[in-house]
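[1] Next input, structure requested:
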Amino acid sequence: MAADPRDPLADLKRIAFLLEKAGESTYRVKAFRSAATAIAGRDDLAERATAGTLGELRGVGEVTARCIGESLAGEEPVYLRRLEATGGEPVAVGGERIRAALRGDCHSHTDASDGGSPLVEMVSAAIDLGHDYLVITDHSPRLTVANGLSAERLSKQLKQIAKVNEAVAPFRVLTGIEVDILDDGSLDQQDELLAQLDVVVASVHSGLRMGREQMTERMLAAVQNPHTDILGHCTGRKVKGKNRPESEFDPARIFPACASAGTAVEINSRPDRLDPPKRLLRLAIEAGCLLSIDSDAHAPGQLDWQPYGCERAALSGAPVDHIVNTWPVDELLAWTAGQR
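    Numbering: from 1, shown residues only. Below is the predicted model:
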């Protein structure tokens, strides 16, 4: 007796998710996401599988066609089975209690800036991970290399998020931005727009080799800005790929300023960042700073990188009640509104 067909669309998306989570190359992920787009809504897949013409669909290649055929035959695709066997475990050990307490993610990107997937796919992945909310924080205009959003494009995104929220309730998509901290410490977006957003993550992306004193003054101005809710990846370091050293600043001034202003320090979970280093994270905790454990995801599968940050938070002795994205969404929004 033939097995019931599986959902090939779901299988392709799951493969792409696991590849993203494992940090595999963009071209490999794109092959499966393109194939998923190609077959969405089609009712002729079974006929094509029988005729051997799945590969004639634009966006479907030899490997993805084989996966689709296996799904339609009621078999878990071999490609997916191998990934589940090697990549289905948590990406980091430790910090399980903190991960269980997380209700959302305050730093994520879509294809509106330099992310690889549209808003709806990021939201769908966040829902599947059990989140209550996801903050969309695409880049600000100064970061042209990341296709940063102008004021006009950001305004359009806010309307798009409002429509998505109608479809996914009670899940909440929160409006936000990862705004560049400019050389003088000001923020790279109009104050009027920043005031409308649910969450503002402020990060340094340029001039990372600035002198210690100048960088300290730059960051102080940003974390004390009433629009800033979270200080993103504070050292700017990269520990994988093209390694980049830490920016130099005075933590004895920055972290107490964050605590005083109510600005959270981000624990960036990207495996190529893991920022701040644990020695600085401990200083932030000792200073009484609020914290935010974020994925900084640029693809759906990367949303599952938060356990890296949870592990570091646990090892550094972070109080769970100081982690803002363990709070219910209304409490989170009350905090950010109070920052303005």
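[2] show me where this protein has helices.
    Taking DSSP state H as the test, the helices found in the chain are 8-21, 26-39, 45-51, 62-72, 78-87, 96-101, 119-128, 151-168, 191-196, 212-223, 251-261, 278-286, 306-315, 329-339.
[3] mind putting those helices in JSON lines, mean neighbour count and mean pLDDT included?
    For glycine as for every other residue, the C-beta is placed from the backbone atoms N, C-alpha and C. Shown next, in JSON lines, are the helices of the chain (neighbours: other Cβ atoms under 10 Å; pLDDT from 0 to 100):
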{"stretch": "helix 8-21", "mean neighbour count": "23", "mean pLDDT": "94"}
{"stretch": "helix 26-39", "mean neighbour count": "19", "mean pLDDT": "92"}
{"stretch": "helix 45-51", "mean neighbour count": "15", "mean pLDDT": "94"}
{"stretch": "helix 62-72", "mean neighbour count": "20", "mean pLDDT": "95"}
{"stretch": "helix 78-87", "mean neighbour count": "15", "mean pLDDT": "87"}
{"stretch": "helix 96-101", "mean neighbour count": "16", "mean pLDDT": "95"}
{"stretch": "helix 119-128", "mean neighbour count": "21", "mean pLDDT": "97"}
{"stretch": "helix 151-168", "mean neighbour count": "14", "mean pLDDT": "98"}
{"stretch": "helix 191-196", "mean neighbour count": "14", "mean pLDDT": "97"}
{"stretch": "helix 212-223", "mean neighbour count": "19", "mean pLDDT": "98"}
{"stretch": "helix 251-261", "mean neighbour count": "19", "mean pLDDT": "98"}
{"stretch": "helix 278-286", "mean neighbour count": "18", "mean pLDDT": "97"}
{"stretch": "helix 306-315", "mean neighbour count": "24", "mean pLDDT": "96"}
{"stretch": "helix 329-339", "mean neighbour count": "15", "mean pLDDT": "96"}
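[4] a markdown table for those, including distance to Ile177?
    Output for the helices of the chain, formatted as a markdown table (distance: least, Cβ to Cβ, whole Å):
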| stretch | distance to Ile177 |
| --- | --- |
| helix 8-21 | 23 |
| helix 26-39 | 24 |
| helix 45-51 | 40 |
| helix 62-72 | 35 |
| helix 78-87 | 31 |
| helix 96-101 | 26 |
| helix 119-128 | 14 |
| helix 151-168 | 7 |
| helix 191-196 | 7 |
| helix 212-223 | 13 |
| helix 251-261 | 18 |
| helix 278-286 | 22 |
| helix 306-315 | 20 |
| helix 329-339 | 12 |
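[5] and the longest strand for this protein?
    Assignment by DSSP state E gives strand 172-180 as the longest strand of the chain.
[6] still on that earlier bit, nearest to Lys242, out of the helices of the chain?
    helix 26-39 (15.2 Å; Cβ to Cβ).
[7] Now do the closest one against helix 78-87, angle only.
    Counting by axes from the mean of the first three to the mean of the last three Cα atoms, to 10 degrees, helix 26-39 points 130 degrees away from the direction of helix 78-87.
[8] Can I get helix 26-39 as CSV, trimmed to CA atoms?
    Extracted in CSV, the C-alpha atoms of helix 26-39 (Å, rounded to 0.1, in the frame of the first residue of the first chain):
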residue,chain,number,x,y,z
THR,A,26,23.6,31.3,0.6
TYR,A,27,23.5,29.7,-2.9
ARG,A,28,22.6,26.3,-1.4
VAL,A,29,19.8,27.8,0.8
LYS,A,30,18.5,29.7,-2.2
ALA,A,31,18.2,26.6,-4.3
PHE,A,32,15.6,25.2,-1.9
ARG,A,33,13.8,28.4,-1.2
SER,A,34,13.6,29.1,-5.0
ALA,A,35,12.2,25.6,-5.5
ALA,A,36,9.6,26.2,-2.7
THR,A,37,8.5,29.4,-4.4
ALA,A,38,8.3,27.6,-7.8
ILE,A,39,5.9,24.8,-6.5
